[in-house]
Structures are given as structure tokens and as C-alpha cells.
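1. coordinates only, sequence not included:
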Ligand code: DGY
């Protein structure tokens, strides 16, 4: 008799994570990595004790309401949990976890890449070399913005924001941040706190987004707030597209208010606003902040630690509902 809990795994996970899943659970894997529709997700969850999804599956109040009652836990592979209606999960008594910490280094690395790539016109330069259109060198050729010594504003000084600040200090950047709460001095490491975003924006040579997407942060970077940045500022978003308003960001890039943007997180992924790709001053990545072998393994293991705790009758350490 098999008394292992049944876990629906919605996407193809790293081999080492799937091996542990198969050892400890009756795992319903997705070897073809098909993206399940809402109806498929609900159907496949029949008889499952838990689900291990990614941010690509949406657990709206409707989906949560229709999940089979035997599903007791959603142990996310993604650290962001804006794809889950937390209030609806709490109401139904559905446990929800995420894997914090383990992707901070990888995401901060990508943030630095976005910052430097946008400032130093990496997309334009690479295109010139690849297309054979590079014809000459001159002092005026491909001149970008220096990152070293500039003022970096971090919106959301959680785990990823803090690692980004540390990496940016390696470029002698002056760190400013806004968050709902001020950090203790030993965590601030000299970063300057701003009680309001409006107070921080005018000093940001670079602005990097690291907050969660919540009803409060959705659309925070709108036309009014882009206008508060210094002329020629550089905008970076490796968190969630929901934080910026597409039309307002594109307008700021077209008008030259923003010198450039480095973006890894968009609205309506992967069908993003086509204007982003047409702009020469954007450096664009396809939501790969956590996409390193080490980090993807660690995300899966952390989701499994949460499942293990739950099915052992303990409190999962990363419970968000
Ligand atoms: C996360 O973990 O939230 C990343 O954006 C990938 O889902």
C-alpha cells in the first residue's frame, strides 16, 4: 500500500528536485513542461494532497474555491506569491508557502546585469556586433552612463534588495531605500532610509524595484512618480511588472526622461507590450532572475522542506497563508 502524500507538480523541475520528490512522495510530474489551463490544473489536482506550482499557475479565489478538498497545501517554487489569492487561501484553510532567501543572490546578480546593461547600452552594442553593422570606433561611439559612484534607490529593501545593495556597494554606489519599515542599522549598512517613495525618487540616478506585487504596490511607478526622478535616470525592474505602468514607463523612455531601462519582469508575461522591444534604450531579459542551476535546485529543495514539514505535522517555516 502506498501511503505517501500525492503531490501535483505543475512544471518540469530540476532533476535533483524531481528525484527527491519521487523518493518521498507520490509525485505527479509534468515531464513535457506543459502549461496547464485553469481547468486542467483543477482536474489534475483531484486526489492530490498538495500542489507544487510556479508563478505561471494562477490560484485566483475562483480556482481556490474549486480545488478538490483533499488539496491541503500549495508549496510554491516561486518566491513571489502574487499568483495566489492569499485571502481566499486563508478563508479556505489552504496552507501556502514560498521559498525565500535562496534566490536572492541570483536575482541580485541579474539586477546588476540589468543596471549595467541598460547604462552601457548592451542591447545596442550586441546587436551591432552580431549583425555586422559595427563599422568604426570613435570617442563619440556608443557612449553610455557610468554606474560607479552613482546613487541607487531601492524600492523594497527585503532580502533581494539587501543583496543588491551589497553588490552595488562594490561599484561604490550610494545606497538609498524606501520600504514600509526602516531596517535596523546593522542591516542598513549605511543605506539612507526614505520614509516616502516621493522623498527618495528625486535623488535616484538608478531606481531598482524589489518589492512584492500587492494591491498597494501595483502601479506604484506611474507617470507622476517617473516625473519625480532626475532627468536621465535609469529604471530597473527584476521583481514584478505590476509595479510599473507600461504606458507611463514607455512614455518616460520615449521622451528621454529616463535614459534607459533594464527589465526582467513585465505585465502580461510572456505577451509583453511590443513597444519595449522597439526601443533602443531598453535592455530586456525574459524573467530569468532566479535562473541558475544552483538557485533552481535550492528553490525546489526549499519547497520540498515546506512540504516535508507540513506532512510531518509541523509548521512549514515559510508559510505565507
Ligand atoms: C520568483 O520566484 O518569484 C521568480 O520570479 C520566479 O517565479
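-> Cool, the structure landed. Quick caveat: nothing in here was measured; it's all calculated off a predicted structure.

2. When you work out contacts or count neighbours from here on, use the C-alpha atoms and nothing else.
-> OK.

3. what sits against the residue nearest in space to the middle of the chain?
-> Nearest to the centroid of the C-alpha atoms of the chain, with distances taken as C-alpha atoms, centre = their mean, sits residue 239, at 3.4 Å. Contacts for residue 239 (C-alpha atoms under 8 Å, 6 or more residues apart in numbering) come out as 209-212, 264-265.

4. what's the helix or strand for it?
-> When secondary structure is defined using DSSP states H and E, no element contains residue 239, which sits outside every helix and strand.

5. next one: residue 260
-> When secondary structure is defined using DSSP H and E, the element that contains residue 260 is strand 258-263.

6. Check what contacts that strand and list those residues.
-> Identification of contacts with strand 258-263 by C-alpha under 8 Å, 6+ apart yields 114-115, 117-119, 231-238, 252-253, 281-285.

7. Give me the mean pLDDT for that strand.
-> Confidence over strand 258-263 (mean pLDDT, whole number) is 99.

8. any residue of it up close to the ligand?
-> No. Applying C-alpha under 6 Å from any ligand atom, one finds strand 258-263 separated from the ligand by no less than 12.4 Å.

9. Now do the residue nearest to residue 180 when sequence neighbours are not counted against residue 84, distance only.
-> Of all residues not flanking residue 180 in the chain, residue 195 sits nearest, at 7.5 Å (C-alpha to C-alpha, 6 or more residues apart in numbering). From residue 195 across to residue 84, the span is 29 Å (C-alpha to C-alpha, to the nearest Å).

10. Give me the phi and psi for residue 220.
-> The phi/psi pair for residue 220 (degrees, to the nearest 10) reads phi -60, psi -40.

11. what's near enough to touch it?
-> Residues near residue 220 by C-alpha under 8 Å, 6+ apart: 243-245.

12. Sketch out the strands for this protein, chain order is fine.
-> Defined through DSSP state E, the strands belonging to the chain, from first to last, are 6-9, 26-28, 50-52, 73-75, 95-97, 151-155, 174-178, 192-194, 206-209, 233-237, 258-263, 282-284.

13. Can I get those strands in a markdown table including mean neighbour count?
-> Rendered in a markdown table, the data for the strands of the chain read as follows (neighbours: other C-alpha atoms under 10 Å):
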| stretch | mean neighbour count |
| --- | --- |
| strand 6-9 | 24 |
| strand 26-28 | 19 |
| strand 50-52 | 25 |
| strand 73-75 | 27 |
| strand 95-97 | 23 |
| strand 151-155 | 26 |
| strand 174-178 | 23 |
| strand 192-194 | 19 |
| strand 206-209 | 26 |
| strand 233-237 | 26 |
| strand 258-263 | 27 |
| strand 282-284 | 24 |
